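>>> I need the structure of the sequence given here:
(chains A and B)
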Amino acid sequence: MATQSVLTPQNEDFPRWYQDVVAKAEMADNGPVRGTMVIRPYGWAIWERMQAEMDARIKEAGVQNAYFPLFIPLSYFQREAEHVEGFSPELAIVTHAGGEELAEPIVVRPTSETVIGEYMAKWIQSYRDLPLLLNQWSNVVRWELRPRLFLRSSEFLWQEGHTAHASYEDANAFATKIHLEVYNDFLVNVLAAPTYLGIKPASERFAGAINSMTAEGMMRDGKALQMATSHELGQNFARAFDIYFQSEAGQAELCFTTSWGASTRMVGGLIMMHGDDQGLVVPPRLAPIQAVVIAVRDEPEVNEACGRVAASLKAAGVRVQIDRGRGSFGRRVTDWEIKGVPLRVEVGPRDLKDGVVSLVRRDNAEKLTLGLDEVSVKAPGLLEEMQADLLAGATTRLTDATHDVENIDEAIEAAETGFARLDWSKVGVSGEAALKVHAITVRCLQRRDATMPLAETEPDLDCIVAKSY
RNA sequence: CGGGGCGUAGCGCAGCUUGGUUAGCGCGCCUGGUUUGGGACCAGGAGGUCCCGGGUUCGAAUCCCGGCGCCCCGACCA
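Next comes the predicted model:
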């Protein structure tokens, strides 16, 4: 392991550590306009992997991708009361174009319920057209006062799914399915990110939704981050955009719609959930580079051996990259550590004499000495072990830092270091206000058995409260 | 928008209080060489509207006035 960290240690200044990682792992840069973000190749590679994994699951759920415009008529936003109210402060509005002032201002989409609703109304005629299951990968703009790379940027990238159904039950079931089979499955099995699945209290709900499901992850500083959300919009948008269908009985009925999204914020979550003082730690199944083969020296025999090891790894299905660059060995090792590449294979002349190489796991620094031909045999298993260990480690941290408490005061104390879980009936609206003074919010509501309730009004619910990003 | 801080090389900063040669340091960058098993070293080098505009002065990064920009902390959010 590194003798000395290049980064600000997490326990010294966590936000600073985060910024250091983003910069030194070459993930992203600030854009020229405040709040905008330039995603660099390595950060983009990670986002692409997230996209690929989530997109496959979205399609598996029967959803089709489509694309709707960036520009939305302002009037669309004004059709759904809560939606307008919720989004107005964050809108970027185009008033001039083509050298003239526009007759109607155009909103740069902060989300697409409204445009998509308009077209759903056009496309849905009969119950035979339902469910209509759409998704788009896009950028959206929500003007931010305090931006942070990946976590809060005025422009960010995401997928937004939008569906229309014939009944409340269908809509609820589908939103839940997406939450569990797309988001939670991805989070657990790819991102190695355990979360609390639950619903948002009314105060935290999406503007215009009747119910918002969330997956709340814990960052290494004990703060919460919403990793993904799934909303039931009831008939609110259907009513505002006339999304009707003719039932089997021949009646005109309003649809029930849903929307659900996961954004580049997830990259921030990845960094803060798994990263350590040496930098990023990327779960193997997500990692764009799963193994780096480092030539200790830039010598022909060493490079040749690197090439062979890399080829064998590739043949074994490992995403691999060779580092035969010049420059000091230590520097290159540190750089790959900061980038969080799961496995590091070191090939040097000393090893080659014995026909072996060193293999080091990023997460626990365990070092193995393996025969040249052994690497590709062992690597896949090691990657899977690391994947499992990361999930187990993150789960332990989440569990250990979640404190069951009896009242608001205890919750406030617990939220200094992690999450607090308490009876929702002991919080309520007044309790939320008391928590808010300490910048603590109700992250989600759960049943006693940690499953997701259908609504806030269910009896016997717990709430999880924490400070959050 | 309320409170605090900062604008000097690509990045991080010193210099300013007490005006005075050619504006400096660390990292990074370039060239050459020695190196290379945990952020290497030596030598040489490039790089500056000292945020902008005015003022005071023989002389301003430094003092005065005005402006702009950025960062941090509070009210919203994926």
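>>> for the helix or strand hosting residue A:383, packing partners?
Assigned by DSSP states H and E, residue A:383 belongs to helix A:375-400. In terms of contacts (3 or more CB pairs under 8 Å, 6 or more residues apart in numbering; DSSP states H and E), helix A:375-400 is packed against strand A:211-218, helix A:265-274, helix A:300-315, strand A:343-347, strand A:356-361, strand A:367-371. Bear in mind the C-beta positions are built from the backbone N, C-alpha and C, glycine included.
>>> tell me the angle that helix makes with strand A:367-371.
Helix A:375-400 and strand A:367-371 are oriented at 160 degrees to each other (axes from the mean of the first three to the mean of the last three CA atoms, to 10 degrees).
>>> Is the residue of the stretch 51-200 of chain A at minimum distance from RNA strand B in a helix, a strand, or coil?
Closest residue of the stretch 51-200 of chain A to RNA strand B, CB to the nearest atom of the strand: residue A:156 (3.7 Å). State at residue A:156, reduced to three classes by DSSP: H, G, I helix; E, B strand; the rest coil: strand.
>>> so it makes contact with residue A:263?
Yes. With contact defined as CB atoms under 8 Å, residue A:156 and residue A:263 form a contacting pair (5.2 Å).
>>> RNA strand B contacts on the stretch 301-450 of chain A?
A:326-331, A:333-335, A:337, A:346, A:348-352, A:358, A:360, A:365, A:436, A:439 (CB under 7 Å from any atom of the strand).
>>> what's the closest non-adjacent residue to residue A:256?
Closest residue to residue A:256 apart from its sequence neighbours, by CB to CB, 6 or more residues apart in numbering: residue A:171 at 3.7 Å.
>>> Need the outlier residue of chain A, farthest from its centre.
residue A:353 (45.3 Å; CA atoms, centre = their mean).
>>> For residue A:392, see how far away it is.
38 Å (CB to CB, to the nearest Å).
>>> same check, this time on residue A:205
Taken as CB to CB, the span from residue A:205 to residue A:392 is 33 Å.
>>> more crowded one of the two?
Just comparing residue A:205 and residue A:392: by other CB atoms under 10 Å the higher neighbour count belongs to residue A:205, 20 against 12.
>>> Does the more buried one touch residue A:214 like I think?
No. Counting by CB under 8 Å, residue A:205 stays clear of residue A:214, with 9.8 Å between them.
>>> got a list of what residue A:31 touches?
Under the criterion of CB atoms under 8 Å, 6 or more residues apart in numbering, the neighbours of residue A:31 are A:37, A:38, A:155.
>>> Hmm, the last one is touching residue A:138, no?
No. In this structure, residue A:155 is not within contact of residue A:138 by CB under 8 Å, at 10.6 Å.
>>> Can you tell me which residue is spatially central in chain A?
By CA atoms, centre = their mean, the most central residue of chain A is residue A:266, 2.3 Å off.
>>> What parts of the stretch 51-200 of chain A come near RNA strand B?
Going by CB under 7 Å from any atom of the strand, the residues of the stretch 51-200 of chain A near RNA strand B are A:86, A:89-90, A:142, A:144-148, A:151-154, A:156, A:158.
>>> Helix or strand: which one has the spatially closest residue to residue A:410 that is not a sequence neighbour?
Nearest non-adjacent residue to residue A:410, counting by CB to CB, 6+ apart: residue A:420, 6.9 Å away. Using DSSP H and E, residue A:420 maps to strand A:419-423.
>>> which other helices and strands contact the very next helix or strand once past that strand?
Using DSSP H and E, the helix or strand that follows strand A:419-423 in sequence is helix A:428-436. If you count contacts as 3+ CB pairs under 8 Å, 6+ apart, helix A:428-436 packs onto helix A:408-414, strand A:441-447.
>>> Repeat the analysis, applying 7 Å as the threshold.
Helix A:428-436 sits against helix A:408-414, with contacts defined as 3 or more CB pairs under 7 Å, 6 or more residues apart in numbering; DSSP states H and E.
>>> count of residues packed around the residue nearest to residue A:410?
So residue A:420, with other CB under 10 Å, has 27 neighbours.
>>> any idea how far it lies from residue A:426?
From residue A:420 to residue A:426 the distance is 11 Å (CB to CB).
>>> and what of residue A:16?
36 Å.
>>> and what of residue A:99?
Plainly put, residue A:99 is 60 Å away from residue A:426 if you go by CB to CB.
>>> where in chain A is pLDDT low?
Within chain A, the ranges that satisfy pLDDT under 70 run A:1-5.
>>> Report the contact partners of residue A:74.
Residues near residue A:74 by CB atoms under 7 Å, 6 or more residues apart in numbering: A:93, A:104, A:105, A:106, A:107.
>>> The spatially closest residue to residue A:211 that is not a sequence neighbour: neighbour count?
Of all residues not flanking residue A:211 in the chain, residue A:232 sits nearest, at 4.3 Å (CB to CB, 6+ apart). Look at residue A:232: counted by other CB under 10 Å, it has 27 neighbours.
>>> same thing with the one 10 residues further on?
A count of nearby residues for residue A:242, using other CB under 10 Å, gives 16.
>>> Got the domain ranges for chain A?
Domain assignment for chain A, taken from automatic domain parsing, gives A:14-274, A:291-383, A:402-466.
>>> Run the chain-centre distance for the shortest one.
Distance of domain A:402-466 from the chain centroid (CA atoms, centre = their mean, to the nearest Å) equals 23 Å.
>>> returning to what we had before: among the residues of the stretch 301-450 of chain A next to RNA strand B, which ones are buried?
Among these, those buried by neighbour count (16 or more other CB atoms under 10 Å) are A:333, A:334, A:335, A:337, A:346, A:348, A:351, A:352, A:358, A:360.
>>> Roughly how far does residue A:10 sit from residue A:366?
Residue A:10 sits at a distance of 21 Å from residue A:366 (criterion: CB to CB).
>>> who's more crowded, those two?
Shown here are residue A:10 and residue A:366; by other CB under 10 Å, residue A:10 has more neighbours (18 against 12).
>>> which residues in the stretch 51-200 of chain A form helices?
In the stretch 51-200 of chain A, the helices defined using DSSP state H, counting those that start in this stretch lie at A:74-77, A:81-87, A:113-123, A:168-177, A:185-189.
>>> returning to what we had before: of the residues of the stretch 51-200 of chain A next to RNA strand B, which count as buried by neighbour count?
A:86, A:142, A:144, A:147, A:148, A:151, A:152, A:153, A:154, A:156, A:158.
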